[in-house]
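Asks: Starting from these lines, generate the structure:
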Amino acid sequence: MSILPSAKTPLNQHSLTALEYWLISLGAEKSSINPCLWRWIMPQWSAEIVIEQDELMVVWSEGEKKSQFGFPYGLPREDVEAALKHGP
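Replies: Numbering: from 1, shown residues only. Sure thing, here's the model as predicted:
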């Protein structure tokens, strides 16, 4: 049995453990200082992902350019994952 619900399941129906497992499976690393902050480093960009109360906040960095977006927890995990992988 998988720890993750179906990819079509909204994030708000995932346990915190499942959300953390999902972020780890993407290659993100949890901050040792802030347990809600995750860092994800890709070849062309990096992202800071924050598990907030109302949304999953992402700040992408590409060189000196930064862009930010909040993903409501009502979105399916597969949609959020596709957007995260697309990058800034």
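Asks: ok now do the residue nearest the centre of the chain, which residues does it touch?
Replies: The residue lying closest to the centre of the chain (Cα atoms, centre = their mean) is residue 49, at 5.2 Å. Going by Cβ atoms under 8 Å, 6 or more residues apart in numbering, residue 49 touches 23, 28, 37, 38, 39, 40, 56, 57, 58, 84. From N, CA and C alone the C-beta is placed, and that goes for glycine too.
Asks: please redo it, this time with the cut-off set to 7 Å
Replies: 23, 28, 38, 40, 56, 58 (Cβ atoms under 7 Å, 6 or more residues apart in numbering).
Asks: among those residues, which are in strands?
Replies: Counting by DSSP state E, the part of these found in strands is 38, 40, 56, 58.
Asks: In terms of helices and strands, where is the closest residue to the third one other than its chain neighbours?
Replies: Going back to what we said before, that points to residue 56. What sits nearest to residue 56 in space, not counting adjacent residues and going by Cβ to Cβ, 6 or more residues apart in numbering, is residue 71, at 4.4 Å. Following DSSP states H and E, one finds residue 71 within strand 65-72.
Asks: That strand pairs with which strands, and in what direction?
Replies: Paired with strand 65-72 in the same sheet, following DSSP bridges, are strand 55-62 (antiparallel).
Asks: now the angle between strand 37-41 and the strand it pairs with, please.
Replies: Counting by axes from the mean of the first three to the mean of the last three Cα atoms, to 10 degrees, strand 55-62 lies at 40 degrees to strand 37-41.
Asks: List the contacts of strand 55-62.
Replies: Applying Cβ under 7 Å, 6+ apart, the external contacts of strand 55-62 come out as 11, 44-50, 66-73, 80, 84, 87-88.
Asks: With stretch 6-21 instead?
Replies: 3, 4, 5, 51, 56, 73, 74, 75, 76, 77, 78, 80.
Asks: Try it again at 6 Å.
Replies: With Cβ atoms under 6 Å, 6 or more residues apart in numbering as the test, stretch 6-21 has contacts from 3, 4, 73, 74, 76, 77, 78.
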